[in-house]
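# Next one to model:
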Amino acid sequence: ASVELRDDPSLAGLPVIVGEGVVLAATYDARAKGVRTAMNGGEARRLCPEAVVVPPRMNAYSAASAEVFSVFHDTTPLVEGLSIDEAFLDVSGLTRTEGTPTEIATRLRERIRIEVGLPLSIGVASTKFLAKVASAAAKPDGLLAVPLGGELDFLWPLPVRSIWGVGPATEERLASRGVHTVGELAAISVTSLRSWLGRAAGNQLHALAHNRDPRPVQ
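Now for the predicted structure:
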């Protein structure tokens, strides 16, 4: 959707839907009306009749992705792509020469804006999990850095759906037991969470609620 706005300035400020039969992407103006990725196109147009619907241009999106990832790799060799438009970058080894992670992220956003012409949201944090949460909170075009030592202060007030692995069914199951925020989830024993959600899910949610995520960027 950002590529469409970049390549056609007349779309600026308009709700834009990419894809006719099925929504492949939508701008935040369209999302504000309830349009979501993978939604039926007819339903999307009923929710947002004023939307401009454009056909997808996969080659253009792939080219933009390659440009963005080129800047990522120019910033640090430790880049782990998650999708066409999302990645983890480990900059922990660059602080002596390149400045703080927040300073590096600020320059990265500026490079992408100038060199590729796209907005970039970045979350800076001590774990991959929390960086992704912070990135989501920074959207549609921002930078959010979670300070060292302040991770739980940031995380615990958030709704439980902010955690990886908490979909609508799990969110509803937790809500039925009075658990609505990550902080409330963190206060539940891992034994209880296992009995509610199963061993694997209980272990994972208990760890993430305490920002325990040892996975390196690969």
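# List the contacts of the host helix or strand of residue 135.
Using DSSP states H and E, residue 135 sits in helix 128-138. For helix 128-138, contacts defined as CB atoms under 8 Å, 6 or more residues apart in numbering pick out 86, 88, 121-125, 144-146, 151, 154-155, 158, 162-164, 208, 211, 213, 215, 217. (Each C-beta comes from the backbone N, C-alpha and C, glycine too.)
# Which strands or helices does the helix or strand just after that helix pack on?
Downstream of helix 128-138, the next assigned helix or strand under DSSP H and E is strand 143-145. Applying 3 or more CB pairs under 8 Å, 6 or more residues apart in numbering; DSSP states H and E, we find strand 143-145 packed against helix 101-111, strand 122-124, helix 128-138.
# which residues does residue 157 contact?
Residue 157 makes contact with 181-183, according to CB under 8 Å, 6+ apart.
# Let me see the ranges of the helices in this structure.
Remark: helices assigned in the chain by DSSP state H are 2-7, 28-31, 41-47, 58-75, 95-98, 101-111, 128-138, 151-155, 168-175, 182-186, 190-197, 199-209.
# hmm, back to that, can you turn the buried part of the contacts of helix 128-138 into a ChimeraX selection?
To isolate the buried members of the contacts of helix 128-138 in ChimeraX, using 16 or more other CB atoms under 10 Å:
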select :88,121,122,123,124,125,144,145,146,151,154,155,158,162,163,208,211,213
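# residues near residue 49, how many?
9 (other CB atoms under 10 Å).
# Hmm, I typed the wrong one, I wanted residue 199.
If you count neighbours by other CB under 10 Å, residue 199 ends up with 11.
# Can you give me the buried ones in the helix or strand bottoming out on mean pLDDT in the chain?
Here the helix or strand of the chain ranked lowest by mean pLDDT, DSSP states H and E is helix 95-98, holding a mean of 92. Counting neighbours by 16+ other CB under 10 Å, one finds that helix 95-98 has no buried residues.
# any idea of the pLDDT on the closest residue to residue 144 other than its chain neighbours?
In this structure, residue 144 finds its nearest non-sequential neighbour in residue 138, 4.0 Å apart by CB to CB, 6 or more residues apart in numbering. Residue 138 is assigned a pLDDT of 96 by the prediction.
# and the gap between the residue most central in space within the chain and residue 130?
Among the residues of the chain, the one closest to the centroid is residue 136, at 3.9 Å (CA atoms, centre = their mean). Going from residue 136 to residue 130 by CB to CB, to the nearest Å gives 11 Å.
# cool, and residue 86?
Computed as CB to CB, the residue 86 to residue 130 distance reads 15 Å.
# How about residue 102?
Residue 102 sits 14 Å away from residue 130, going by CB to CB.
# Which of those two has more residues huddled nearby?
Comparing residue 102 with residue 130 by other CB under 10 Å, the one with more neighbours is residue 130, at 20 against 15.
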